[in-house]
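# Compute the structure for the input listed below.
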Amino acid sequence: MSNTLRPKLGVDALWPLAGKKVLVRVDFNVPIKKGVIQNDYRIRSALPTIRKIVDQGGQCIVMSHMGRPTGVPMPEGASVEKHNYLMQTWAAEKGAGKSVFFAVLPREDKKWILNRVDKSTYPAHWKGTVPSEKDTGKTHFFAGLAEDVKTDLLNQWKAERARSSSDFDHLRKYHGYDQEVTLEPVAAKLAELLGKKVAFARDCLHAHDDVAAMKNGDVLLLENVRFYKEENSKKEDDRMKMAKALAAYGDYYVCDAFGTAHRDAATITGIPKILGHGVAGYLMKKEIDCFAKALTNPARPMAAIVGGSKVTDKIKVLENLVKKVNKLFIGGAMAYVFLKAQGYNIGRSFCESGSSFNSKYGAKEKNPEELALDLMKSAKENGVELFLPTDHVCHTEFSATDSPLTTDDQNIPDGYMALDIGPKTRAEYCQHIASCKTVVWNGPMGVFEIPTYAMGTFDVAKALAECDGMTIIGGGDSASAAELSGYASQITHISTGGGASLELLEGKQLPGIAVLSDLPQDEANAEPEKIKASSLDELTAEIKALKEQVLNQQATQGGFDLGRELPGAALNAALVGMVMYLLK
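Numbering: from 1, shown residues only. Now for the predicted structure:
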């Protein structure tokens, strides 16, 4: 078994938690429009791990990325002071202020504005003259001006120099920070879901004061870690430099970010290397356990359903699964490559004809039709039943229609494009899925976003929901389709990571999982390993922390008879602590 799919230590292995600072990497890369979260599924998925930590008196420091901001290098030396000053200004203006606006103006416009600054209004900290057109520091200078002076200068510019609305496209980008992908709205949503305050650190690398102010049971969300280039740097030294800075905040590391486990990032692989351990959160552990069972020791018969638009995007998945499954179902636009390779007419349907495989993987050049034929040959050699569409739902345009054409067989008429699998195919696929004990699905059967062509995808979702076996959906579009179909709650497991699950299905090792601490091999003869306190002093601190937690809960919530509850809680903590200390 690859190191990726070996059982990993979970968050339950961390002991004690009370009084400990726990770094938790999550995937809160949720869709946001105008500051409003559109889908909070990923946030809700991480709640059990966060609650586990805070309920036991831990201090939970949550880290995540959001989107793909440009990012800036970590400040060093003299640049740290300037960086902190700019960050304070950015925070004070809430990421959409006058300095933000000034920062993204063309150089000549900045100079035009600064030429109109009265010397009596210079920032108090500023020494020397106004920066010239070729000088750096223009934004630094402008940020230090009084608010009314900034307003007056920008009004002058707007009246005399503003040329078009394009000047406003990047208003919210400032010194590497992008207001469109700030995690501040996520902090508010997380607080709502947890039912408690969640503090927000506006700079993930300069959150020392925020971390120091934490008390047992507190939650702190750090700003977007991708605001720094080192998070995803290709150079390990850069990643480890950022990881070292973040690791200084915590005692333990928990990863619950399966969606980014395929990335070698500072907060994914760097921090556990620095701390010498890493455990899986409840979500991550479920992802690992489900995929391990499906890909290493599945109940049979096992089926894989693979859809999507391109064979070249899924060829590694297909090549890996064809050696593992008993039945392989293919849908989506990639099916038309298989049909064309066999001589069927595909009309105007999307097909990768003319492209080559080596452009992506560097292998011997093959076109998609050759890849399809090779896969069909491999399926036959491995005794795998390969299913392709036998009819289609079509239209002349890529758009909705009240009267789509349903073909009689595999052939698609000239002038038409297939946009979903047909009724005969749906019935055949669903009948065979029902007999399987393990089913893995990645990729829709058609253009499910348009109701006219959603039936194939939704019927497959229904078939998985009604299947008696273990059913897994590998994130991405398939997960969205399952939600839309209404059958998501009846699926055994819906992965939160499209890219990560795809790489697992390709047979790759995910660095973010491989780096986590393995569960002892012989669980039958070994007690579960604990990452625990190393001294009696720490155990004493644990007991005191539990006392404090009970007292705080009494003060804020009531409902405790301290004469009865507190001695019992303290005694239990003492006994557990002493036993663990003696068993070390």
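# Which parts of the stretch 201-350 of the chain are strands?
219-222, 252-255, 279-280, 302-306, 327-330 (DSSP state E, counting those that start in this stretch).
# hang on, I meant the stretch 401-550 of the chain
Taking DSSP E, counting those that start in this stretch, the strands of the stretch 401-550 of the chain run over residues 405-406, 417-421, 438-442, 470-473, 493-494.
# The closest residue to K285 other than its chain neighbours: how many residues sit nearby?
In space, and not counting its chain neighbours, K285 is closest to G10: 4.7 Å by CB to CB, 6 or more residues apart in numbering. In short, each C-beta sits where N, CA and C put it, glycine included. For G10, the neighbour count with other CB atoms under 10 Å is 23.
# wait, isn't G10 in contact with V279?
Yes: if you go by CB atoms under 8 Å, G10 and V279 touch, sitting 5.8 Å apart.
# sorry, back to before: what about the strands of the stretch 401-550 of the chain, which gets the closest to G308?
Between G308 and the strands of the stretch 401-550 of the chain, the tightest spacing by CB to CB is seen for strand 438-442, at 7.6 Å.
# Adjacent strands (with direction) for that closest one?
Note on strand 438-442: by DSSP bridges, its sheet partners are strand 302-306 (parallel), strand 470-473 (parallel).
# mind listing what's buried in the first one?
Taking 16 or more other CB atoms under 10 Å as the basis for neighbour counts, the residues of strand 302-306 that come out buried are M302, A303, A304, I305, V306.
# residue contacts, the third one?
Going back to what we said before, that points to A304. L321, K324, V325, K327, L328, F329, V439, V440, W441, N442, L505 (CB atoms under 8 Å, 6 or more residues apart in numbering).
# Need the worst-confidence member of the residues you listed.
Model confidence across the contacts of A304 bottoms out at L505, which has 85.
# Next, work out how far apart the residue nearest to that one when sequence neighbours are not counted and M470 are.
Closest residue in space to L505, ignoring its immediate chain neighbours: V317 at 4.6 Å, by CB to CB, 6+ apart. V317 is 18 Å from M470, where distance means CB to CB, to the nearest Å.
# And the two? Which one has more around it.
V317 (23 against 19).
# Please report how far the more buried one lies from A372.
14 Å.
# can you put the contacts of A304 in CSV and add neighbour count and distance to G512?
Output for the contacts of A304, formatted as CSV (neighbours: other CB atoms under 10 Å; distance: CB to CB, whole Å):
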residue, neighbour count, distance to G512
L321, 25, 22
K324, 19, 23
V325, 27, 26
K327, 20, 31
L328, 23, 28
F329, 27, 30
V439, 28, 26
V440, 31, 20
W441, 29, 23
N442, 25, 19
L505, 25, 16
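# Which two of the residues you listed have the greatest separation?
Spanning the widest gap among those are K327 and L505, at 15.5 Å by CB to CB.
# surely N382 meets L321?
No: under the criterion of CB under 8 Å, N382 makes no contact with L321, lying 10.1 Å away.
# Quick check: pLDDT value at the nearest residue to E352 once chain neighbours are set aside.
Leaving aside its chain neighbours, E352 sits nearest to P368 (4.1 Å; criterion: CB to CB, 6+ apart). As predicted, P368 sits at a pLDDT of 82.
# For P368, the count of nearby residues, please.
24.
# Then the one 5 residues further on?
Burial of L373, expressed as a neighbour count using other CB under 10 Å, amounts to 15.
# got a list of what it touches?
By CB under 8 Å, 6+ apart, the contact set of L373 is A341.
# next one: D118
D118 touches V149, counting by CB under 8 Å, 6+ apart.
# Distance of it relative to V149?
For D118 relative to V149 (CB to CB), the value is 8 Å.
# just K244 next, same as before
If you measure K244 against V149 using CB to CB, the figure is 41 Å.
# Comparing the two, which shows the higher neighbour count?
Per other CB under 10 Å, whichever of K244 and V149 has more neighbours is V149, with 19 against 14.
# if we can go back for a sec, pretty sure the residue nearest to E352 is in contact with K314, am I right?
No: at 10.7 Å, P368 does not count as touching K314 under the criterion of CB under 8 Å.
# partners of the nearest residue to A379 once chain neighbours are set aside in the sheet?
Counting by CB to CB, 6+ apart, the nearest residue to A379 once its immediate chain neighbours are dropped is L386, at 4.3 Å. Applying DSSP bridges to L386 gives these bridge partners: L328.
# Give me the below-cutoff pLDDT ranges for the stretch 301-450 of the chain.
The stretch 301-450 of the chain contains residues with pLDDT under 70 at 353-366.
# what about the helices in it?
Counting by DSSP state H, counting those that start in this stretch, the stretch 301-450 of the chain has these helices, from start to end: 311-321, 334-341, 358-361, 368-381, 423-434.
# Tell me which of those sits most buried.
Stretch with highest mean neighbour count among those: helix 334-341 (a mean of 24; mean count of other CB atoms under 10 Å).
# What helices and strands are in contact with that helix?
helix 311-321, helix 368-381 (3 or more CB pairs under 8 Å, 6 or more residues apart in numbering; DSSP states H and E).
# got the angle between it and helix 368-381?
Using axes from the mean of the first three to the mean of the last three CA atoms, to 10 degrees, the inter-axis angle of helix 334-341 relative to helix 368-381 is 90 degrees.
# Now find how far off-centre helix 334-341 is within its chain.
Distance, stretch centre to chain centre, for helix 334-341: 32 Å (CA atoms, centre = their mean, to the nearest Å).
# can I get the CA coordinates of that helix in PDB?
C-alpha atoms of helix 334-341 as PDB (Å, rounded to 0.1, in the frame of the first residue of the first chain):
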ATOM      1  CA  MET A 334     -14.800  11.800 -23.600                       C
ATOM      2  CA  ALA A 335     -17.100   8.900 -24.700                       C
ATOM      3  CA  TYR A 336     -17.300  10.300 -28.200                       C
ATOM      4  CA  VAL A 337     -13.600   9.800 -28.700                       C
ATOM      5  CA  PHE A 338     -14.100   6.100 -28.000                       C
ATOM      6  CA  LEU A 339     -17.000   5.900 -30.400                       C
ATOM      7  CA  LYS A 340     -15.200   7.800 -33.100                       C
ATOM      8  CA  ALA A 341     -12.200   5.400 -32.700                       C
END
